[in-house]
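Student: based on what follows, work out the 3D shape:
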Amino acid sequence: MVYLDAASAAPLHPVARQALGAALDEGWADPARLYREGRRARMLLDAAREAAAEAVGCRADELAFTSSGTRAVHTGVAGALAGRRRTGRHLIVSAVEHSSVLHAAEFHEADGGTATRVAVDRTGRVAPDSYAEACRPDTALACLQSANHEVGTEQPVAEVAEACGAVGVPLLVDAAQSLGWGRVPGRWSLLTASAHKWGGPPGVGLLVVRKGTRFASREPADPRERGRSPGFENVPAVVAAVAALRATRAEAEAEAARLRELTALIRARVPETVPDVEVVGDPERRLPGVVTFSCLYVDGESLLRELDARGFSVSSGSSCTSDTLTPSHVLRAMGVLSEGNVRVSLPPGTSGADVERFLRVLPGVVAEVRDKLGASGVAEAASGRDTVVVDALGTLCPLPVIALAKAVDGVAVGGTVRVLADDEAARLDIPAWCEMRGQEYLGEEPATSGTAYLVRRVR
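Tutor: From the prediction side, this is the model:
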């Protein structure tokens, strides 16, 4: 098996494995106790905090360890909003934030607060000015990821922090995807991260609250971790997480250069060997090891299953995956194709030979899935009709788009296709298909059942 899903969880770093074993022997006791075993655990915890703070670029007393990155996000958002409640209850997030941030925003709105979701361009990047425009007198907090988890696009954190800081709004940065590669630039106020993203053990998160940032814990009183992460600290896991962070950072410069070459190869080769593919995300300002592309006329779940059968572990933001029937919120916000989506995220140490093998296998897998879905006839000769109605009601991605592609070949240039569909993914994928294929998307209109999507053939 070739594991290519490091953006979900990186394999445990060998240094972390060693540190975990040693810390299980030395750091199992309660670090709050004054006897020898407790003092030993406290020394390990304090040393880990100092090392983590150095890696982040903050003070040790600004950093707390949490039980996960999601926990760090939820605690950070809730605490910052509570600390600035006198200012107001307005929250700003980008439309492509990790679900943990968006869920926190939804929870805040359900509790009576307000939230603005800042749009992104087609590469998944926000404009710094959009955050400045979203700030209001009652804005309590803004949130922005350092790099996107699905497409790898890096965000202009320093510029956004400057824009928010100019009007006195703190910025929380979700640095889960980027912290293993380096410090987050800019004058941010809060930062969160998750150890399993850089080769640490799962179940360890970081929450940094800069001095001077108003923060009020929403948890019951607890003396541990400055009241920001209640409960007995998992000292062995924390030690292993920080050891992995330091080891990953030491290797980051050389490994980033190597992985960028491999991802550039994937970005170039996939469109050459697989027809009807859209490579998404910013081509330059991106994480070193992440490549994301979407394949027309492909069921994402089937594609991932077939790749897994051939020895490749990848992930997908497609609407056609087993855990969701709605399009990826990231791909939807970007306005790009969601069907047949594949995210390849290379863990450190991935070999060029593994990437070459993936590139050899992928075209055949995509062709096989398309053939099973009946997409092999999308290029049939046109019959010259002026209008065609396609009934795709009751079918799921990518079948409505396959039906549209076949129908367009059956109308004259200037003619229209009216697609009836009730799959939510069609709202994203039909406009994206039109842009990829050079056809004109006319919009949507209500229908007796589902929604009607109108497309004009222009070539």
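Student: so what pLDDT did Arg228 get?
Tutor: At Arg228, the pLDDT value in this model is 87.
Student: list the contacts of it.
Tutor: Going by Cβ atoms under 8 Å, 6 or more residues apart in numbering, Arg228 touches Ala64, Thr66, Thr75, Gly79, Leu207, Val209, Phe215, Ser217, Glu219. Any C-beta I mention is one placed from the backbone N, CA and C, and that applies to glycine too.
Student: so who does the second one touch?
Tutor: Meaning Thr66. Ala72, Thr75, Val204, Gly205, Leu206, Leu207, Glu225, Arg228, Ser229.
Student: and which of the residues you listed is nearest Ala333?
Tutor: Taking Cβ to Cβ as the measure, Ala72 is the one of these closest to Ala333, at 23.2 Å.
Student: SS state for that closest one?
Tutor: helix (DSSP: H, G, I helix; E, B strand; the rest coil).
Student: check Arg357 too.
Tutor: Arg357 - assigned by three-state DSSP - is helix.
Student: show me the contacts of Arg228 that map onto helices.
Tutor: Residues of the contacts of Arg228 located in helices (DSSP state H): Thr75, Gly79.
Student: output the contacts of Arg228 as TSV; include the columns pLDDT and distance to Pro400.
Tutor: Listed next are the contacts of Arg228 as TSV, based on pLDDT from 0 to 100; distance: Cβ to Cβ, whole Å:
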residue	pLDDT	distance to Pro400
Ala64	97	48
Thr66	96	42
Thr75	97	41
Gly79	97	44
Leu207	98	43
Val209	98	47
Phe215	96	47
Ser217	89	48
Glu219	82	46
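Student: circling back: now distance to Ala47 too, for the contacts of Thr66, in a markdown table please.
Tutor: Converted to a markdown table, the contacts of Thr66 look like this (distance: Cβ to Cβ, whole Å):
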| residue | distance to Ala47 |
| --- | --- |
| Ala72 | 20 |
| Thr75 | 23 |
| Val204 | 15 |
| Gly205 | 19 |
| Leu206 | 15 |
| Leu207 | 19 |
| Glu225 | 16 |
| Arg228 | 20 |
| Ser229 | 18 |
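Student: from Leu191, how far out is the residue lying closest to Trp198 once chain neighbours are set aside?
Tutor: Of all residues not flanking Trp198 in the chain, Gly180 sits nearest, at 3.1 Å (Cβ to Cβ, 6 or more residues apart in numbering). Look at Gly180 and Leu191: by Cβ to Cβ, to the nearest Å, they are 14 Å apart.
Student: still on that earlier bit, ok, and the residue nearest to Trp198, which helix or strand is that part of?
Tutor: Using DSSP states H and E, Gly180 sits in no helix or strand.
Student: residue contacts, it?
Tutor: Applying Cβ under 8 Å, 6+ apart to Gly180 gives the contacts Ala10, Lys197, Trp198, Gly199, Leu245, Thr248, Arg249, Ala252.
Student: over to it: give its phi and psi.
Tutor: phi -70, psi -20 (degrees, to the nearest 10).
Student: by mean pLDDT, which helix or strand of the chain comes out lowest?
Tutor: strand 385-391 (a mean of 82; mean pLDDT, DSSP states H and E).
Student: how about residues contacting the helix or strand that that strand is followed by?
Tutor: Note on strand 385-391: by DSSP H and E, the next helix or strand toward the C-terminus is helix 399-408. For helix 399-408, contacts defined as Cβ under 8 Å, 6+ apart pick out 296-297, 339, 373-375, 377-378, 380, 388, 390, 392, 395, 417, 419, 421, 423, 425-426, 429-430, 433, 437, 439, 453, 455, 457.
Student: swap in stretch 363-379?
Tutor: With contact meaning Cβ under 8 Å, 6+ apart, stretch 363-379 is reached by 273-274, 295-299, 302-303, 306-307, 310, 340, 398-399, 402, 405-406, 409.
Student: what do you get if the cut-off is 6 Å, keeping everything else the same?
Tutor: With contact meaning Cβ atoms under 6 Å, 6 or more residues apart in numbering, stretch 363-379 is reached by Thr273, Val274, Cys295, Tyr297, Val298, Ser302, Leu303, Glu306, Leu307, Ile402, Ala405, Lys406.
Student: the second one: neighbouring residues, count only.
Tutor: Right, Val274. Per other Cβ atoms under 10 Å, the neighbour tally for Val274 reads 21.
Student: adjust the sequence numbering to begin at 32 for everything that follows.
Tutor: Sure, I'll start numbering at 32, so the last one becomes Val305.
Student: phi, psi for it please.
Tutor: phi -120, psi 120.
Student: how close does it sit to Ser325?
Tutor: Using Cβ to Cβ, Val305 is found at 11 Å from Ser325.
Student: common neighbours of these two, please.
Tutor: Counting by Cβ under 6 Å, 6+ apart, nothing touches both Val305 and Ser325.
Student: okay, buried residues for stretch 183-198 please.
Tutor: 183-188, 190-196 (16 or more other Cβ atoms under 10 Å).
Student: dump these into TSV; add distance to Pro319 as well.
Tutor: Compiled in TSV, these are given as follows (distance: Cβ to Cβ, whole Å):
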residue	distance to Pro319
Gly183	8
Thr184	13
Glu185	10
Gln186	16
Pro187	18
Val188	17
Glu190	21
Val191	22
Ala192	23
Glu193	25
Ala194	27
Cys195	27
Gly196	28
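Student: which strands or helices does the longest helix along the chain pack on?
Tutor: Using DSSP H, we find that the single longest helix of the chain is helix 266-304. Contact analysis of helix 266-304 by 3 or more Cβ pairs under 6 Å, 6 or more residues apart in numbering; DSSP states H and E lists helix 45-57, helix 67-87, strand 308-311, strand 321-326, helix 383-403 as its packing neighbours.
Student: buried ones in the last one, by neighbour count?
Tutor: The neighbour-count criterion (16+ other Cβ under 10 Å) identifies Asp385, Val386, Phe389, Leu390, Val392, Leu393, Pro394, Val396, Val397, Val400, Arg401 as the buried residues of helix 383-403.
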